[in-house]
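>>> how does the following fold in three dimensions:
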Amino acid sequence: MSKSSAGVALMSVGAVATVIGALMYVLPGPGLPVLLLGLAILIAGAAVKFTSR
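This next block holds a predicted model:
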């Protein structure tokens with residue numbers, strides 16, 4: 001797996017985790033940690049993708 005593919009995979013997982021965290025934040029549940037973790041994974045994936053060019 002190339003670094004660009006790993007970046008895209010991390011960005012995909014981060015986007016899903018961000019959406020899940022946002023839903024859990026609106027609904028009763030511990031959504032803020034999941035939301036922040038999803039954003040961190042999304043940013044890390046973007047960094048990997050754009051630095052592997």
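
>>> following the longest helix anywhere in the chain, which helix or strand comes up?
Secondary structure of the chain read by DSSP state H shows that its longest helix is helix 3-26. With elements assigned by DSSP states H and E, the helix or strand that comes after helix 3-26 is helix 31-51.

>>> quick one: buried residues of that following helix?
31, 34-35, 38-39, 41-42, 45, 48-49 (16 or more other C-beta atoms under 10 Å). Every residue, glycine included, has its C-beta placed from N, CA and C.

>>> reformat these as a markdown table; add distance to Ser2.
Compiled in a markdown table, those are given as follows (distance: C-beta to C-beta, whole Å):
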| residue | distance to Ser2 |
| --- | --- |
| Gly31 | 33 |
| Val34 | 28 |
| Leu35 | 29 |
| Gly38 | 23 |
| Leu39 | 24 |
| Ile41 | 19 |
| Leu42 | 19 |
| Gly45 | 13 |
| Val48 | 10 |
| Lys49 | 10 |
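
>>> so which residues make contact with the longest helix of the chain?
Here helix 3-26 makes contact (C-beta atoms under 8 Å, 6 or more residues apart in numbering) with 1, 30-53.

>>> same thing but at 10 Å, please
1-2, 29-53 (C-beta atoms under 10 Å, 6 or more residues apart in numbering).

>>> stretch 45-53 too?
By C-beta under 10 Å, 6+ apart, stretch 45-53 touches 2-15.

>>> can you tell me the average pLDDT over that stretch?
Stretch 45-53 shows a mean pLDDT of 85.

>>> how close does the residue nearest to the spatial centre of the chain sit to Pro28?
Nearest to the mean C-alpha position of the chain, by C-alpha atoms, centre = their mean, lies Gly14 at 1.4 Å. Plainly put, Gly14 is 24 Å away from Pro28 if you go by C-beta to C-beta, to the nearest Å.
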